[in-house]
Structures are given as structure tokens and as C-alpha cells.
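# Quick one, structure for this:
(one chain, ligands or ions: 1)
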Amino acid sequence: NAAAGTVRQLDPRITASRKLSFLAYECASEIGVDLHSDIHVFLQDIGFPSGVLLNRICKDIQEVEMFHAQTTKIRDSLDFWVDGVVVNVNSIADFRTVGFVGKAPRGAVAYKYPAEQATTIVEDIGIQIGRTGVLTPVAHLRSVQVAGTTVSRATLHNEDEIKRLGLKIGDTVIVEKAGDIIPDVVGVLPSLRTGKEKKFHMPTHCPMCNSKVVKKPGEVNWYCANAKCFAIQQEQLEHFVSKAGFDIEGLGPKILEQLRAADLVKAPADLFILTREDLEPLERFAEKSADNLLQAIREKKTIAFHRFIYALGIRHVGEQTARALADHFGSIKRLLAATQEELQAVPDIGDVVAQSLHAYFRSTDGEQQVSSLLSHITHITHNKSTQQKEGRLIGKTVVVTGTLKHYSRDEAKEAIRAAGGKWSSSVSKKTHYVVAGADSGSKEKKARDVGVQIINEATFEQLLGKTKNS
Ligand SMILES: [Zn+2]
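So this is what the prediction gives:
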């Protein structure tokens with residue numbers, strides 16, 4: 001990944017700064033030799049490093065075995081990482097005769113070294129919830145280097161596997177990495193026990209949603225009985241990082257799923273404790289992307305109050321409500337202390353929303369989520385929404401549909417707010433204006449049906465009291 005990313009750099013100065021070396025092993029043009037080994041010699045002669053000193057011509061399979069065994073011993077002294085040798089038919093004619101399987105030549109076979117192992121301590125065993133609701137135990141390891149990467153997690157597959165290994169929390173274990181992203185625990189070293197190790201028990205209730213866990217007949221896996229468990233967690237995380245929430249760049253649904261699959265992130269607060277060591281072993285995370293993501297997350301340790309409220313994903317609390325709450329209470333401390341009556345007294349907040357907010361802040365889950373987030377957030381900022389007293393949209397609810405020429409959706413929202421109006425995504429009898437842009441569809445029809453005034457972009461700009469660029 002690092003090599004491919006380096007070669008793909010658009011700026012050759014960056015590529016040059018990376019200290020990437022290259023060993024040639026094949027020549028695309030016909031150069032009139034009969035042996036593959038001569039290609040290496042030729043490449044070396046015309047100035048390409050081709051690793052001739054590392055190559056060996058073997059007469060038979062025993063010599064191949066010997067070479068493989070010898071290189072196993074010297075591999076750690078090489079200044080690059082190798083995971084095996086390639087056994088190549090030396091006669092170019094024979095190589096062609098034996099042909100290909102798919103894209104892979106039969107005449108060149110990778111002969112890999114055994115997977116690398118290391119010993120470390122299982123500090124804890126966590127539970128990860130898969131898309132199908134399956135609960136997978138994951139070992140949280142004291143960080144250790146295996147096969148060139150830092151390893152801090154290993155899958156334990158299921159409860160039976162833990163029993164088979166005889167694994168306890170606190171045990172010293174052998175971890176093995178065989179090309180997979182998440183390494184395996186392949187053995188326990190009971191002779192190193194101190195007596196403080198703890199037996200692991202599968203939870204009886206889902207650590208995510210607290211539903212009962214069940215076992216299907218004939219299966220080794222435990223499942224969360226709540227069919228939507230995975231989706232709920234994913235949705236919560238996607239909502240948290242969304243544009244109106246923490247707006248974390250580069251953290252889309254796929255990356256979130258990947259972080260969950262590696263048991264790195266369960267709840268939003270976990271994002272703030274990610275490290276480069278966590279990310280780098282993951283696919284797509286080589287190169288700068290790990291640092292970029294960590295930087296994007298770090299930047300959001302200072303967050304606007306209304307974004308913080310919105311990101312919590314409290315039922316019935318959208319962007320508009322979050323802003324109203326931020327304006328009214330001004331600080332998280334005052335919001336958390338608010339009674340239901342005080343919440344109801346906030347302009348634009350009805351009984352249902354007030355009830356939902358109050359229930360959330362008083363629930364164990366809500367309290368825990370807020371306090372764990374607050375332990376990572378360094379600063380919550382608040383600028384009271386600017387509300388023009390003279391604005392011609394004061395007290396008016398506006399829906400925008402279709403594409404406007406001069407405003408993106410977010411710009412239109414902001415402009416409506418700045419003019420004292422309220423933006424809404426759906427048309428109802430309470431809507432005052434529907435601004436219809438190009439290709440407006442069902443919302444315009446709905447507006448006609450319920451008798452809401454439909455205006456075009458020019459009229460909208462007049463209502464705002466200005467054109468965007470003036
Ligand atoms: Zn669950």
C-alpha cells in the first residue's frame with residue numbers, strides 16, 4: 001500500500017522524498033535469452049537493481065527447500081520485509097508451456113514463510129456485534145509487533161473457541177498473523193499465569209442494546225435478539241459524524257463499518273481514542289489516510305454547541321431544535337440541568353420533544369454517552385444564531401424544493417435562518433412558503449394540495465431582502 005501510494009503521487013518530489021527502492025524481477029520485452037535467471041543478470045547489467053545476490057538457481061526441489069530455510073534465517077537482517085520466496089521455472093520455454101491458471105502463471109509460485117507469531121497479554125475481552133446480530137468475542141491485547149505491524153486486537157471467533165483455548169482474561173497468549181487483517185490467538189501459555197486471571201463469560205444481554213442474547217439450535221454463535229441491533233448502532237454513528245453533527249471529514253459509512261468490524265469503535269466517544277496504531281493495519285488505511293482521519297477527529301474536539309446536541313441523536317431533536325436549545329441554554333451544563341418544564345418553555349419546543357429530551361438526559365445510556373463525550377471534548381463553543389428582528393421571514397416556515405440557481409441547500413437554510421425564518425424539510429399546513437427551484441417534484445404538488453403559497457427563487461430573494469451576492 002505504501003509503495004503503490006508513493007508511486008501514484010502526482011508530485012514527483014514527494015515520490016522522491018519517500019526513499020522507496022525497487023527490485024526488478026521481470027522484463028516485458030523479449031531480450032533473446034532462454035533462462036529467467038539471465039533476465040535478472042541482464043536487468044542488473046543495464047542498471048536496474050534486480051536482487052541477483054538474493055536469487056539462487058536450484059537444481060531440484062530439495063535445493064528449493066534448503067534455500068527457503070536459509071532465507072528464513074536471514075530475513076530479519078534484510079532492510080525490507082519479506083513474507084516468502086518465489087519459486088520460478090528457469091527455462092522460459094518451459095515456463096510458457098506450463099501456462100496459466102486464470103492470471104496466475106503455473107511457472108511461478110509463492111512459497112511463503114509460516115505466519116509470524118508473538119506472545120502478549122490479553123488485557124480484556126470485548127464483544128463486537130456483526131451485521132447479522134452475531135456476538136463475536138475479541139481479545140484486547142497489550143500492543144505487540146507481529147509480522148511488521150502493531151497488533152492490539154485479535155478475534156476469538158466464538159465462545160467455544162475461548163473454551164477450546166482455555167483462555168482467561170489476563171493470560172499470556174500466542175498471536176499469529178497470516179495475512180489477515182485481524183490476527184488470531186492460537187495458543188495460551190498457562191504456565192505464565194499469576195493467579196489473577198479472570199474467567200470470561202459471554203454476556204446474557206447485548207452490550208449494545210441490552211436485548212437478550214440467544215443461541216440458535218446447532219450453532220456455536222450467540223445472537224442479539226434485537227434484529228435491528230447492528231443497524232441502530234451504525235445509524236447512531238453515521239448521525240454523529242454527519243454534516244449537521246460533528247461533520248468529520250473522511251469518515252463515511254464504509255469506514256465506520258470497518259472500524260466496527262475491527263472492534264475499534266462501538267459508540268461515538270470511541271472515535272476520540274483511536275490511534276495511528278489502531279488504523280494502520282486496516283485496509284485502505286496505509287499512507288497518510290490514518291493521520292488525516294485522526295487530524296479530522298482531533299479538530300472536532302472543539303465543537304459548536306448546537307452540533308453537539310444534534311449529534312447525540314435524541315429522538316425528535318433535529319438541527320432546528322438543536323439550535324433552539326443551544327440559543328436558549330447557552331451551555332451544556334444548563335441544558336443537562338433543565339427540568340421538563342424549562343425545556344417546554346423553549347420557543348419552538350413542544351411537549352413531545354421536551355419529554356424526549358428529558359427522558360434522554362435522565363437515562364443511564366444518555367448520561368453515559370454525554371459524559372464519555374465530554375471527557376474527550378475540550379471546548380464547546382456557542383454563537384447565538386443571528387436573528388434579524390427586521391427579517392421578513394420572522395415566524396415563517398419555509399420549505400425549499402428542487403434546485404436553486406444561487407443557493408445550495410445549506411446556503412438556503414442559512415439564509416432563511418438569518419432572515420428570522422424557520423427551515424423545514426416537509427410541507428404541511430403549517431408551512432408558509434414553498435420555494436420551488438428547478439426539477440421540484442412531489443413537495444410542490446403537496447404544497448398545491450394543502451394550499452401553501454409557492455414562490456420562485458426571485459421572490460424568495462426579495463423576501464430575504466437581498467440577493468445572495470449583494
Ligand atoms: Zn443488541
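# for the ion, what are the nearby residues on this structure?
Taking C-beta under 5 Å from the ion as the criterion, the chain approaches the ion at residues 206, 208-209, 211, 224, 226, 229. From N, CA and C alone the C-beta is placed, and that goes for glycine too.
# Tell me who's in contact with the nearest residue to E319 once chain neighbours are set aside.
Nearest non-adjacent residue to E319, counting by C-beta to C-beta, 6 or more residues apart in numbering: A244, 4.7 Å away. Counting by C-beta atoms under 8 Å, 6 or more residues apart in numbering, A244 touches 307, 310, 319, 322.
# Can you convert these into JSON lines and add a column each for secondary structure?
Below are those laid out as JSON lines (DSSP: H, G, I helix; E, B strand; the rest coil):
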{"residue": "R307", "secondary structure": "helix"}
{"residue": "Y310", "secondary structure": "helix"}
{"residue": "E319", "secondary structure": "helix"}
{"residue": "A322", "secondary structure": "helix"}
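# Tell me the buried residues within those residues.
307, 310, 319, 322 (16 or more other C-beta atoms under 10 Å).
# And the strands in the stretch 1-150 of the chain?
84-88, 100-101, 104-105, 108-112, 116-129, 134-146, 149-155 (DSSP state E, counting those that start in this stretch).
# Quick check on whichever residue of the stretch 351-470 of the chain sits closest to the ion: phi, psi?
Closest residue of the stretch 351-470 of the chain to the ion, C-beta to the ion: D365 (12.6 Å). Main-chain dihedrals, D365, degrees, to the nearest 10: phi -60, psi -50.
# quick one on the thing from earlier: of the residues of the chain next to the ion, which belong to strands?
C224 (DSSP state E).
# So, low pLDDT: which residues of the stretch 301-450 of the chain?
Within the stretch 301-450 of the chain, the ranges that satisfy pLDDT under 70 run 385-391.
# Which of the helices or strands spans the nearest residue to P268 once chain neighbours are set aside?
Using C-beta to C-beta, 6+ apart and skipping residues adjacent in sequence, the residue nearest P268 is F240, 4.2 Å away. Secondary structure from DSSP states H and E places F240 in helix 229-241.
# Name the residues of that helix that are buried.
229-230, 233-234, 236-241.
# In a markdown table, list the residues you listed along with distance to D348 and pLDDT.
Output for those, formatted as a markdown table (distance: C-beta to C-beta, whole Å; pLDDT from 0 to 100):
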| residue | distance to D348 | pLDDT |
| --- | --- | --- |
| C229 | 33 | 84 |
| F230 | 34 | 83 |
| Q233 | 30 | 83 |
| Q234 | 30 | 87 |
| Q236 | 25 | 87 |
| L237 | 28 | 92 |
| E238 | 26 | 92 |
| H239 | 21 | 92 |
| F240 | 23 | 95 |
| V241 | 26 | 95 |
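# which of these lies closest to the ion?
C229 (3.1 Å).
# so what's the residue lying closest to that closest one once chain neighbours are set aside up against?
Excluding its sequence neighbours, the residue lying closest to C229 (C-beta to C-beta, 6+ apart) is C209, at 4.9 Å. Residues in contact with C209 (C-beta under 8 Å, 6+ apart) are 224, 226, 229, 232-233.
# any idea how far the residue nearest to P268 is from R276?
Noted for F240: a distance of 22 Å to R276, by C-beta to C-beta, to the nearest Å.
# And for W222?
33 Å.
# Give the closest residue to T378 in space, chain neighbours not counted.
K301 (4.6 Å).
# Any idea how many residues pack against that neighbour?
13 (other C-beta atoms under 10 Å).
# Just want the residue of the stretch 251-400 of the chain that's nearest the ion.
Closest point on the stretch 251-400 of the chain to the ion, by C-beta to the ion, is K266, at 11.0 Å.
# Among the contacts of A244, which pair sits farthest apart?
Spatially, the most separated pair among these is R307 and E319, at 9.0 Å (C-beta to C-beta).
# Could you check which helix or strand contains the residue of the stretch 251-400 of the chain closest to the ion?
With DSSP H and E as criterion, K266 is part of no helix or strand.
# still on that earlier bit, R131: which of the buried ones among the contacts of A244 is nearest?
Y310 (26.5 Å).
# give the contact list for the nearest residue to that closest one once chain neighbours are set aside.
Nearest-residue entry for Y310: A322, 3.9 Å, with adjacent residues in sequence omitted and distances by C-beta to C-beta, 6+ apart. Applying C-beta under 8 Å, 6+ apart, one finds that A322 lies in contact with 244, 306-307, 309-310.
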